[in-house]
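Engineer: next input, structure requested:
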Amino acid sequence: MIYVFYIALFFMALGMIFSLIRFVKGPTAGDRTVALDTLTTIGVAAMVLLAYMFHRFIYVDVALVYAVLGFIGVIVIARYLEGAL
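Structural biologist: Numbering: from 1, shown residues only. The predicted structure follows:
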């Protein structure tokens, strides 16, 4: 049963690596913004999975705060790219 969590974490890490590559190589600022949002989403999912694995549910609160801050950050970047800021 625990191997399922390790496999899930492996695929999350793989997704984060691919998103990080897109973040660095992205030809446009929009690509980098989407990659940053993907990194945030995968990071939140990884924190929730680790909270369940370690039975430390305070990590879920940290993940929720990180998700809200990541969402606000992406909105601010999108508004900046749009020219509204």
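
Engineer: ok now do V34, which residues does it touch?
Structural biologist: R22 (CB atoms under 8 Å, 6 or more residues apart in numbering). Just so you know, the C-beta spots here come from the backbone N, C-alpha and C atoms, and that holds for glycine as well.

Engineer: could you redo the last one with a cut-off of 6 Å?
Structural biologist: V34 sits next to no residue when contact means CB atoms under 6 Å, 6 or more residues apart in numbering.

Engineer: give me the element it is part of.
Structural biologist: helix 29-54 (DSSP states H and E).

Engineer: pull out the buried residues from that helix.
Structural biologist: 32-51 (16 or more other CB atoms under 10 Å).

Engineer: average pLDDT across it?
Structural biologist: Mean pLDDT, helix 29-54: 93.

Engineer: helices and strands around the very next helix or strand once past it, which ones?
Structural biologist: Once the chain leaves helix 29-54, the next helix or strand it forms, by DSSP H and E, is helix 58-82. Counting contacts by 3 or more CB pairs under 6 Å, 6 or more residues apart in numbering; DSSP states H and E, helix 58-82 packs against helix 29-54.

Engineer: report the angle between the helix it packs on and helix 58-82.
Structural biologist: For helix 29-54 against helix 58-82, the angle by axes from the mean of the first three to the mean of the last three CA atoms, to 10 degrees is 180 degrees.

Engineer: and helix 29-54, how far out from the chain middle?
Structural biologist: Counting by CA atoms, centre = their mean, to the nearest Å, helix 29-54 is centred 2 Å from the centre of its parent chain.

Engineer: what about the most centrally placed residue in the chain, distance to G26?
Structural biologist: Closest residue to the average C-alpha location of the chain: T40 at 1.8 Å, with CA atoms, centre = their mean. Counting by CB to CB, to the nearest Å, the gap from T40 to G26 is 15 Å.

Engineer: same question, H55
Structural biologist: H55 is 38 Å from G26, by CB to CB.
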